[in-house]
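In: sequence first, predicted model second:
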Amino acid sequence: MLQLNMNLVYTIINLIVLFLLLRHFLIKPVSDIMEKRRQMIADGLQGAQDAQSDAQKMKQEYEDALKGAKLESAAIVEKARSEAKTEYDRIVSEAGSKAGDLLEAAKENVRIEREKTMKDLQTQIAGLAMASAEKIVGDKEQNIYDQFLGEVGGTDEDTDK
């Protein structure tokens, strides 16, 4: 039935030796290269995932920093507006008080000028009254004198002329 031929035994031995040689010199190095390649690809994917994760973290940090900067700038603007409003109110108040002081000083000057004018007018009126009184008294004295001279003697009228 089955006959074992020496050729068959040599062929089997050759095949086994060939398998062992191929396994040692070809299959193992190729498997090692493929394993290294697989590991390198896995490391590359992990590195890419890590880089993407880091990029996402940095993006989030930048967005947070940007939000913080926006809030800070809004706070600075609001503070500046508040300070400007306070300064505006102070300036308006100061201007109002200065205007009030100037108004009071002007009123006082007007009052002083009015009093001075009244005194001057009283002095002028008194002077005019004195002049009028002198004129009236002088005219009356002249009339009395003329009357006296007329009564005493009419001859004086001729001497005056």
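Out: Noted; the coordinates are in hand.
In: starting at the chain centroid, how far to the strand or helix carrying L102?
Out: Secondary structure here is read from DSSP states H and E; on that basis L102 sits in helix 28-152. A distance of 13 Å separates the centroid of the chain from that of helix 28-152, by C-alpha atoms, centre = their mean, to the nearest Å.
In: from S31, how far off is E94?
Out: E94 is 92 Å from S31, where distance means C-beta to C-beta, to the nearest Å. The way it works is simple: take the backbone N, C-alpha and C, and place the C-beta from them, glycine included.
In: scratch that, K119 is what I was asking about
Out: Using C-beta to C-beta, one obtains 129 Å as the distance from K119 to S31.
In: repeat for A74
Out: Counting by C-beta to C-beta - A74 and S31 are separated by 64 Å.
In: in this protein, which residue is most central in space?
Out: The structure's the chain has its C-alpha centroid closest to A80; by C-alpha atoms, centre = their mean the separation is 4.0 Å.
In: OK, contacts around it?
Out: Residues in contact with A80, defined by C-beta atoms under 8 Å, 6 or more residues apart in numbering, are absent; none qualify.
In: distance of it from S93?
Out: In this structure, A80 and S93 are 20 Å apart, going by C-beta to C-beta.
In: how about Q56?
Out: Q56 sits 55 Å away from S93 when distances are taken as C-beta to C-beta.
In: what does A126 give?
Out: Spatial separation of A126 from S93 under the definition C-beta to C-beta is 49 Å.
In: for L4, give me the pLDDT.
Out: If you check L4, the pLDDT there is 68.
In: okay, now the unreliable bits of this protein?
Out: Within the chain, the set of residues satisfying pLDDT under 70 comprises 1-4, 153-161.
In: swap in 90 and give it another go.
Out: 1-9, 27, 68, 95-96, 99-102, 119-161 (pLDDT under 90).
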